[in-house]
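Asker: Mind folding the following:
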Amino acid sequence: DRGVLGERQARESGLLQGATGVAVVDVQVDDDGLVHHLLDGALPAIGAEVEGAIDRGRRRVHMALHTGQHMLSRALVDVARGETVSSRLGETACTIDIDRDKVDERDLARAEELVNAVIDDDLPIRAFFPTASELSALPLRRAPKVSENVRVVDIGGFDVSPCGGTHCLRSSQVGLVRITGLERYKGKLRLTFAAGRRARDELSAHASALRDLGRDLKCGPGDVGAQVARLQRELGEARASLGAARGRLAEAAAVELLARDGDAVAVFDDVDADFLRAVARRVTAAGRLAFLAARGAEGLHVLVAGTTAGFDCGAFLKRAATEAGGRGGGRGESAEGRFPPAVDWPSLVARLRAGAPG
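Answerer: Numbers count the residues shown, from 1 in each chain. This next block holds a predicted model:
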């Protein structure tokens, strides 16, 4: 046993108890079968006798997760014809990878329902070491990874698998299994699931969030979906109305600029880049150059647009940025950038337009 945890963060898996208890944060077995404990604290004296004590709560959670994984892997074979190629029981999430690239969500729901039905049936779970002849006759879901001392876990005949991990004694002790996520991963499907206390904690957190939403929306938890749909509908209508109003404002701004002689030069307050582009489209459609800016908290968003012969918008903006301490770029017909807020954009445009041909 060596080392102190230091800055590494890990959940305690138990204690080595001597004169004082020292937290065990990781346990590994090397190729020679020697067990190594990583401790968060001072090492016991050489030759001292210590007693190991597991973190019972953590072990109980892992028993439910591990047993739930066995049952869910079995159900995925039966319902979705998806064989488990790997699984992971993490401190925050548990996953199962199956050898399918697509599974119908209805099949996942059926697999989850099947597992929870087995949980409700309160089946006995047996862990044992069969003889070679007994092992060959067992309906194993997967082949053993070792050739001798094969430990088999039988969940009431529903799933029979070789495994050396910790499991519940009866299926009802798993409590609940929930599939919480699905994603493509390396050409296969990865399911995220929870079981036992972890599943209950997640459901409790979701229920609490739903109640809070209901309180904010002034409705019951069951009506949150309808209320959200209503808000989405109203938001869509408001965005459409705002878009129409912005279009009318952009049209009015363009008309005013086109009524003046020369280039269309303007600085606007409380508008975004899309507004500048809308005004520029109307101005350039009339064959004029647009030199527009929007004043905001982060400075000036500037836009130069137009297709007048001999004028390069990108080159003009680069010269303006060099002089004003800004940045930006673009193509010959359109360029955008960000300048410091104190820049006098109309004066800068007038000076550069008078001094060189863009």
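
Asker: ok, Leu114 - contacts?
Answerer: Residues near Leu114 by C-beta atoms under 8 Å, 6 or more residues apart in numbering: 75, 78-79. The C-beta positions use only the backbone N, C-alpha and C, and glycine is treated the same way.

Asker: and the spatially closest residue to Val349 that is not a sequence neighbour, what element?
Answerer: Leaving aside its chain neighbours, Val349 sits nearest to Phe291 (4.5 Å; criterion: C-beta to C-beta, 6 or more residues apart in numbering). Per DSSP states H and E: Phe291 is located in strand 290-296.

Asker: Just the buried ones from the contacts of Leu114?
Answerer: Burial by neighbour count, judged by 16 or more other C-beta atoms under 10 Å, picks out 75, 79 from the contacts of Leu114.

Asker: State the mean pLDDT of the strand holding Phe291.
Answerer: For strand 290-296, mean pLDDT rounds to 93.

Asker: residues making contact with that strand?
Answerer: Strand 290-296 is contacted by residues 257, 263-269, 271-273, 275-276, 279-280, 283-284, 300-306, 339, 341, 345-346, 349 when judged by C-beta under 8 Å, 6+ apart.

Asker: Can I have the buried ones of the residues you listed as a PyMOL selection?
Answerer: To isolate the buried members of the contacts of strand 290-296 in PyMOL, using 16+ other C-beta under 10 Å:
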select buried, resi 257+263+264+265+266+267+268+271+275+276+279+280+283+284+300+301+302+303+304+305+306+339+345+349
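
Asker: Residues in a beta bridge with Gln28, which ones?
Answerer: Here Gln28 sits in beta bridges with His36, as judged by DSSP bridges.

Asker: can you pull the contacts of it?
Answerer: If you count contacts by C-beta under 8 Å, 6+ apart, Gln28 has them with 35-36, 38.

Asker: Buried subset of those residues, written for PyMOL?
Answerer: In PyMOL syntax, the buried subset of the contacts of Gln28 is picked out as below (16+ other C-beta under 10 Å):
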select buried, resi 38
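
Asker: and Glu202, what helix or strand is that in?
Answerer: Assigned by DSSP H and E, Glu202 falls within helix 196-217.

Asker: tally of neighbours for Val24?
Answerer: A count of nearby residues for Val24, using other C-beta atoms under 10 Å, gives 22.

Asker: which stretches of the stretch 1-150 of the chain form helices?
Answerer: 56-80, 105-120, 132-137 (DSSP state H, counting those that start in this stretch).

Asker: right, I mislabeled it, should have said the stretch 151-300 of the chain
Answerer: Under DSSP H, counting those that start in this stretch, the stretch 151-300 of the chain gives helices at 196-217, 224-258, 273-285.

Asker: Identify whichever of the ones you listed lies nearest to Ile125.
Answerer: helix 196-217 (13.8 Å; C-beta to C-beta).

Asker: Now do the same contact list for Leu108.
Answerer: Residues in contact with Leu108 (C-beta under 8 Å, 6+ apart) are 80, 179, 182, 191.
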